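Asker: here is a sequence with its predicted model. Questions after.
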Amino acid sequence: MPNERGTVVIVSKLIVLSNPVEGKEDEFNKWYDQQHVPDIMRVPGVVGAQRFRGGAGTKSGVGSFRYLAIFDIESPEPGLVVDEIMRRSGTDEMPRSDAISSTRFAMLYEPIGNRLEKA
């Protein structure tokens with residue numbers, strides 16, 4: 001969708017799946033909410049964020065993740081926004097916590113159709 005300057009802006013979702021280190025869930029959530037999300041929101045092109053925790057009935061097993069974060073990215077080149085997040089990760093601009101497991105998953109998704117809503 002074009003912005004006011006006529007540039008096509010892609011509205012994408014960066015999906016991040018993660019887990020806390022065993023015994024550090026409170027520290028993980030505090031860091032994620034008070035440090036990590038604000039750090040990511042400072043990256044140009046990131047316009048929104050929301051976190052989720054797996055609820056009742058969530059299956060566990062090898063490779064399962066209990067936490068989900070969805071970051072909204074508005075940019076003509078969303079991949080460059082993700083590159084900037086990765087560049088900052090682990091630096092003073094975006095410090096990591098020892099409360100997050102080293103096993104995590106991140107993927108950028110771009111829309112393939114319009115969002116549908118009930119009337």
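Answerer: The structure has been received and is ready for your questions. Numbers count the residues shown, from 1 in each chain.

Asker: for the chain, what spans make up the helices?
Answerer: Along the chain, counting by DSSP state H, helices occupy 25-31, 37-41, 78-88.

Asker: who does the shortest one touch, helix- and strand-wise?
Answerer: Based on contacts counted as 3 or more CB pairs under 8 Å, 6 or more residues apart in numbering; DSSP states H and E, the elements that helix 37-41 packs against are strand 46-53. To be clear about C-beta, it is placed using only N, CA and C from the backbone, and glycine gets the same treatment.

Asker: my guess is G48 contacts A69. True?
Answerer: No: contact criterion CB atoms under 8 Å: G48 and A69 do not qualify, at 11.0 Å.

Asker: who's more crowded, these two?
Answerer: A69 (19 against 12; other CB atoms under 10 Å).

Asker: excluding chain neighbours, what is closest to that one?
Answerer: Computed as CB to CB, 6 or more residues apart in numbering, the closest residue to A69 that is not its neighbour in sequence is V16, at 4.4 Å.

Asker: L68 is in contact with that neighbour, correct?
Answerer: Yes: in this structure, V16 is within contact of L68 by CB under 8 Å, at 7.2 Å.

Asker: quick one: which of those two has more around it?
Answerer: Counting neighbours by other CB under 10 Å for V16 and for L68 shows that V16 has the greater number, 20 against 15.

Asker: tell me which stretches of this structure form strands.
Answerer: Residue ranges of the strands in the chain, as given by DSSP state E, are 10-18, 46-53, 67-75, 105-109.

Asker: next, format those as CSV and append distance to E84 and mean pLDDT.
Answerer: Conversion of the strands of the chain to CSV gives the following (distance: least, CB to CB, whole Å; pLDDT from 0 to 100):
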stretch, distance to E84, mean pLDDT
strand 10-18, 11, 95
strand 46-53, 9, 97
strand 67-75, 10, 97
strand 105-109, 12, 96
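
Asker: make CSV from these and add distance to G90 to it.
Answerer: Converted to CSV, the strands of the chain look like this (distance: least, CB to CB, whole Å):
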stretch, distance to G90
strand 10-18, 15
strand 46-53, 17
strand 67-75, 17
strand 105-109, 14
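
Asker: tell me which of those strands lies nearest to V37.
Answerer: Evaluated over these, closeness to V37 peaks at strand 46-53, with 5.0 Å, by CB to CB.
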